[in-house]
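In: requesting a structural model of the entry that follows:
(one chain, ligands or ions: 1)
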Amino acid sequence: SDSLTPFEALGGEDKLSELVDIFYRNVSEDPLLHPIFPDHLGETARKQKQFLTQFLGGPALYTEEHGHPMLRARHMPFEITPARAEAWLSCMDRAMDEAEVEDPVREHIFTRLSYTAKHMVNTPEE
Ligand code: HEM
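Out: Numbering: from 1, shown residues only. Predicted coordinates:
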């Protein structure tokens, strides 16, 4: 129905959790992303599940625990180049394939993530 949030259309908490776990497995294997992430991605994945839940119209889990997301500011300690933004999106695209996230919600989510990823870029290409 048109009244579903993207979070609900995706399949709720279980589907989001599956998607994020696959995404960080891809990140851990990516040569451009791996060096800037912690060795253990459990806590990163936990925060990303909270963030994406609220980003997609579910409960405000991230803000309840961490306050305003201020995502661009929280990413400033890391050199986020255009190539790293593309790598991040590629990890997500492949995670959506594997988790079998289907259109139209897939297209909707990926478009919004593409916009956000480009907004995170804070370092020019070398
Ligand atoms: C945290 C990289 C895009 C959401 C992080 C961290 C890194 C990172 C290195 C720190 C991980 C940690 O210390 O646990 C990147 C890169 C991106 C990108 C290279 C490429 C553009 C995004 C996008 C989103 C996002 C598009 C949201 C849709 C988050 C969140 C956190 C995070 C919620 C946790 C913040 C916190 O510590 O509370 N990211 N990120 N990131 N990222 Fe990204």
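
In: residue numbers of this structure in contact with the ligand?
Out: 33, 36-38, 43-44, 47-48, 51, 55, 66, 71, 74-75, 78, 80, 84-85, 88, 113, 116-117, 120 (Cβ under 6 Å from any ligand atom). For the C-beta atoms, the positions are set from N, CA and C on the backbone; glycine is no exception.

In: buried subset of those residues?
Out: Buried members of these, counted by 16 or more other Cβ atoms under 10 Å: Leu33, Lys47, Gln48, Phe51, Phe55, Ile80, Arg84, Ala85, Trp88, Leu113, Ala117, Met120.

In: contact partners of the host helix or strand of the fourth one?
Out: Under the criterion DSSP states H and E, the helix or strand holding Phe51 is helix 42-55. Taking Cβ atoms under 8 Å, 6 or more residues apart in numbering as the criterion, the residues outside helix 42-55 that touch it are 7, 13, 16-17, 20-21, 23-24, 37-38, 59-63, 65-66, 69, 71, 112.

In: which of those are buried, as a PyMOL select command?
Out: Burial among these is assessed by 16+ other Cβ under 10 Å; the matching PyMOL selection reads:
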select buried, resi 7+16+17+20+21+23+24+61+62+69
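
In: could you list the residues in contact with the helix or strand containing Lys118?
Out: Using DSSP H and E, Lys118 falls within helix 105-120. Contact with helix 105-120 is made by 6, 9-10, 55-56, 71-72, 75, 80, 85, 88-89, 92-93, 96, 101, as judged by Cβ under 8 Å, 6+ apart.

In: where does pLDDT dip in the protein?
Out: Applying pLDDT under 70 to the chain picks out residues 1-2.

In: repeat the analysis, applying 80 as the threshold.
Out: In the predicted model, the chain carries pLDDT under 80 at residues 1-2, 126.

In: can you show me the helices along it?
Out: 6-10, 12-28, 42-55, 61-66, 71-75, 82-98, 105-120 (DSSP state H).

In: check which helices and strands the fourth one sits against.
Out: Meaning helix 61-66. Applying 3 or more Cβ pairs under 8 Å, 6 or more residues apart in numbering; DSSP states H and E, we find helix 61-66 packed against helix 42-55.
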